[in-house]
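Visitor: The sequence and its predicted three-dimensional model are supplied below.
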Amino acid sequence: MSKIKFYYGNEVPLEMHKVRIVQKLNLPPIEQRVEAMEEAGYNTFLLKNKDVFMDMLTDSGVNAMSDKQQAAMLEADDSYAGSTTFTKLESKIQEIFGKEYFLPAHQGRACENIISKTYVKQGSVVPMNYHFTTTKSHIVVNGGRVEEVFKDEALKITSDDPFKGNMDIAKLRDVIETNGVENIPFVRMEAGTNLIGGQPHSLQNLHEVRKVCDEYGILLVLDASLLADNLHFIKTREETYQNKSIREITREIADLCDIIYFSARKLGCARGGGICTNSKDVYMKMREYVTLYEGFLTYGGMSVREMEAMAVGLEETMDEEMINQGPQFIEYMSNELMKKGVPVVTPAGGLGCHINAMEFVDHIPQSEYPAGALAAAIYIISGARGMERGTMSEQRDENGNETLSHMELVRMALPRRVYTLSQINYVVDRIAWLYENRKLIGGLKFVEEPSVLRFFFGKLTTTSQWQQELVAKFREDFGDSL
Ligand SMILES: *Cc1c(COP(=O)(O)O)cnc(C)c1O
């Protein structure tokens, strides 16, 4: 019988680990949080972590390691060439993915640099289920273009489609026919599609994509950064795979792909990344870029300690009890918020709980960054920081006009195995309170606006003194509570 769901009662997820090392947290009073937010220019990226109670900005490089990972780090073999640590990692990749050749790289985007440099040329078109920021940049920098072939369901906020990350096969064929197969260096499938809310693709869909790639003779590349969540969803949502082990599902996925790459900041709860393949030709083509940009072939810019942690982390990813933790907590958080009327993206995905700011603060026009304003308000009332995923994260067009985003989301990421259920309940309570008082939240405007990646460094201010009204109401309802 499948043990994939660990719940008690009907819907309370149960942690299948205990905490043995803790880090003290600081929850400054709301008056200090407003000051911190002001200093950070209403941009959650610019907050100092000492002022943050729960850091829900990202799941990248902040997942909790296991005791076994920490122990492995002590055994690391620090040699420049021929490190035993590398051999261990390479064998683990061979065992799990069934791929003979492994190229190490310092993180996910470094893999994208190597793959794009190798395959993307002026005029190349890369079809994919959805883009990721760094993926798209590397393809564009090399003269190529991204074509997204997602289903219409992908961009629907509320849906009961279990696989919103699937590719639309008809659209994929259409992109290949329209652009000419000679201009398609590879098709890219992203597991657990990050930017549409950690939404998975099905294994059946990957089989269909493979069929098209075979028909046209095109390489299939898998971005496996968020594979752990996707594996959990295949097992729990795709009937055919209910009785297969995570290891078997992983192998079936890997066998369908020519190249697999990943950010180990997410997959395997470590830091680093890598590319694997069974093609010696592909390996030889990419190899020189590893030595040019990353480091020697037996470390690729990673510390040996991280490589040890990664080998163990990848093995732990084959454990249902390990990979269910993130998705189950996210589902719990989304369900609890929905019970209180808060609009969230459904079905709950991996990576984090996504709040629909377009509806939460429907009185704020997109030109005043509703998701940015909501992320700032959430920090002010709870000390939890999430990430804006909306118009602030877009770039102005060449005439200086705003590019309005399809969606205005606030992502509250759940780093794997990091927060307890009572901490999640706390955030849910505070967000529910904010929802009751949502009309108090106002818009934002830029005071310092960089022309590229403005969401990282840009500074904003409130369009009125709404932050002070929020504090006053908070004090009225919560007394002198933090
Ligand atoms: C994070 C991420 C990347 C980039 O990885 P880094 O390690 O941050 O460079 C690529 N693809 C996906 C799907 C990701 O989530």
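Guide: Looks like it came in fine.
Visitor: residues from this protein in reach of the ligand?
Guide: With C-beta under 6 Å from any ligand atom as the criterion, the chain meets the ligand at residues 60, 107-109, 132, 134-135, 190, 194, 223, 225-226, 263, 265-266, 273. Heads up, the C-betas are built off the backbone N, CA and C, glycines and all.
Visitor: Thought residue 218 was touching residue 210, still the case?
Guide: No. When contacts are counted by C-beta atoms under 8 Å, residue 210 is not listed as touching residue 218 (10.1 Å).
Visitor: What's the separation between the closest residue to residue 459 other than its chain neighbours and the ligand?
Guide: Leaving aside its chain neighbours, residue 459 sits nearest to residue 41 (2.7 Å; criterion: C-beta to C-beta, 6 or more residues apart in numbering). Distance of residue 41 to the ligand, given as C-beta to the nearest ligand atom, to the nearest Å: 23 Å.
Visitor: before we move on, what about residue 422?
Guide: Here the criterion is C-beta to the nearest ligand atom. By it, residue 422 lies 28 Å from the ligand.
Visitor: tell me which element that residue is part of?
Guide: Element membership of residue 422 [criterion: DSSP states H and E] is helix 421-436.
Visitor: Name the residues of that helix that are buried.
Guide: Residues 424, 426, 427, 428, 430, 431, 433, 434, 435 are the ones in helix 421-436 that count as buried (16 or more other C-beta atoms under 10 Å).
Visitor: how near is the third one to the ligand?
Guide: The span separating residue 427 from the ligand equals 22 Å under the rule C-beta to the nearest ligand atom.
Visitor: didn't that residue look like it was pressed against residue 55?
Guide: No. Residue 427 is not in contact with residue 55 according to C-beta under 8 Å; the separation is 11.6 Å.
Visitor: okay, and the common contacts of those two?
Guide: Jointly contacting residue 427 and residue 55 under the rule C-beta atoms under 8 Å, 6 or more residues apart in numbering are residue 384.
Visitor: Identify all contacting residues around the helix holding residue 422.
Guide: Defining contact as C-beta under 8 Å, 6+ apart, one finds that helix 421-436 is touched by 12-13, 15, 54, 56, 329, 332-333, 336-337, 340-342, 355, 360, 377-378, 381-382, 384, 412, 414, 441, 477.
Visitor: The residues you listed, buried ones only, as a ChimeraX selection?
Guide: If you want just the buried ones from the contacts of helix 421-436 in ChimeraX, going by 16+ other C-beta under 10 Å, the selection is:
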select :13,54,56,329,332,333,336,337,342,355,360,377,378,381,382,384,412,414,441
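Visitor: From the contacts of helix 421-436, which land in helices?
Guide: Within the contacts of helix 421-436, residues falling in helices by DSSP state H are 329, 332, 333, 336, 337, 360, 377, 378, 381, 382, 477.
Visitor: Name the residue of the stretch 151-300 of the chain with the shortest distance to the ligand.
Guide: Per C-beta to the nearest ligand atom, the residue of the stretch 151-300 of the chain with the smallest distance to the ligand is residue 263, at 3.1 Å.
Visitor: pLDDT score assigned to the residue nearest to residue 459?
Guide: The model reports residue 41 with a pLDDT of 98.
Visitor: Next: residue 480.
Guide: Looking at residue 480, its pLDDT is 89.
Visitor: same question, residue 16
Guide: pLDDT for residue 16: 90.
Visitor: How about residue 345?
Guide: In this model, residue 345 is scored at 97, pLDDT.
Visitor: In contact with the closest residue to it other than its chain neighbours, which residues?
Guide: Closest residue to residue 345 in three dimensions, ignoring its sequence neighbours and counting by C-beta to C-beta, 6+ apart: residue 354, at 3.9 Å. Going by C-beta under 8 Å, 6+ apart, residue 354 touches 197, 198, 344, 345, 389, 409, 410, 411, 412.
Visitor: quick revisit: what's the closest of the ones in helices among the contacts of helix 421-436 to the ligand?
Guide: Distances from the ligand to the ones in helices among the contacts of helix 421-436, taken by C-beta to the nearest ligand atom, are shortest for residue 329, at 18.1 Å.
Visitor: Who's the closest spatial neighbour of the closest one, skipping the chain neighbours?
Guide: Excluding the flanking residues, the one nearest residue 329 by C-beta to C-beta, 6+ apart is residue 414, at 5.2 Å.
Visitor: The one you found contacts residue 352, doesn't it?
Guide: Yes. Counting by C-beta under 8 Å, residue 414 touches residue 352, with 5.5 Å between them.
Visitor: Identify the contacts common to those two.
Guide: Common contacts of residue 414 and residue 352 (C-beta under 8 Å, 6+ apart): 56, 59, 330.
Visitor: how near is the residue of the stretch 1-150 of the chain found nearest the ligand to residue 266?
Guide: Residue nearest to the ligand within the stretch 1-150 of the chain: residue 108 (2.3 Å; C-beta to the nearest ligand atom). Counting by C-beta to C-beta, to the nearest Å, the gap between residue 108 and residue 266 amounts to 8 Å.
Visitor: what does residue 133 give?
Guide: Taking C-beta to C-beta, one finds residue 133 at 14 Å from residue 266.
Visitor: of these two, who's got more company?
Guide: A direct count of neighbours by other C-beta atoms under 10 Å for residue 133 and residue 266 places residue 266 higher, at 31 against 13.
Visitor: Phi first, then psi, for that one.
Guide: Phi and psi for residue 266, reported as degrees, to the nearest 10, are phi -110, psi -60.
Visitor: Contacts only, for the closest residue in space to it that isn't next to it in sequence.
Guide: Among residues not flanking residue 266 along the chain, residue 225 sits closest, at 4.9 Å (C-beta to C-beta, 6+ apart). Residue 225 sits next to 108, 190, 191, 192, 194, 262, 263, 265, 266, 267 when contact means C-beta under 8 Å, 6+ apart.
Visitor: one more time with 10 Å
Guide: Contact partners of residue 225, counting by C-beta atoms under 10 Å, 6 or more residues apart in numbering, are 59-60, 107-108, 111, 132, 135, 190-192, 194, 261-267, 273, 351.
Visitor: cool, and residue 291?
Guide: By C-beta under 10 Å, 6+ apart, the residues touching residue 291 are 103, 297, 300.
Visitor: if I look at the first one, how far off is residue 110?
Guide: Residue 103 sits 10 Å away from residue 110, taking C-beta to C-beta as the criterion.
Visitor: between the two, what contacts are shared?
Guide: Here residue 103 and residue 110 have 261, 273, 274, 275, 289, 290, 294, 300 as joint contacts, going by C-beta under 10 Å, 6+ apart.
Visitor: Just the residues you listed: which are in helices?
Guide: residue 289.
Visitor: In JSON lines: the shared contacts of residue 103 and residue 110, plus neighbour count and pLDDT.
Guide: Listed next are these as JSON lines, based on neighbours: other C-beta atoms under 10 Å; pLDDT from 0 to 100:
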{"residue": "261", "neighbour count": "26", "pLDDT": "98"}
{"residue": "273", "neighbour count": "30", "pLDDT": "98"}
{"residue": "274", "neighbour count": "31", "pLDDT": "98"}
{"residue": "275", "neighbour count": "29", "pLDDT": "98"}
{"residue": "289", "neighbour count": "20", "pLDDT": "97"}
{"residue": "290", "neighbour count": "23", "pLDDT": "97"}
{"residue": "294", "neighbour count": "23", "pLDDT": "97"}
{"residue": "300", "neighbour count": "26", "pLDDT": "95"}
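Visitor: Alpha carbons of stretch 24-38, in PDB - could you do that?
Guide: Taking C-alpha atoms only, stretch 24-38 is exported to PDB below (Å, rounded to 0.1, in the frame of the first residue of the first chain):
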ATOM      1  CA  LYS A  24      16.600  31.300  17.100                       C
ATOM      2  CA  LEU A  25      14.100  33.600  15.400                       C
ATOM      3  CA  ASN A  26      13.300  37.200  16.000                       C
ATOM      4  CA  LEU A  27       9.900  38.700  15.800                       C
ATOM      5  CA  PRO A  28      10.200  42.500  16.000                       C
ATOM      6  CA  PRO A  29       7.100  44.400  17.100                       C
ATOM      7  CA  ILE A  30       5.000  45.800  14.300                       C
ATOM      8  CA  GLU A  31       6.300  49.400  14.700                       C
ATOM      9  CA  GLN A  32       9.800  48.100  14.000                       C
ATOM     10  CA  ARG A  33       8.600  46.000  11.100                       C
ATOM     11  CA  VAL A  34       7.100  49.100   9.400                       C
ATOM     12  CA  GLU A  35      10.400  50.900   9.800                       C
ATOM     13  CA  ALA A  36      12.300  47.900   8.400                       C
ATOM     14  CA  MET A  37       9.900  47.700   5.400                       C
ATOM     15  CA  GLU A  38      10.300  51.400   4.800                       C
END
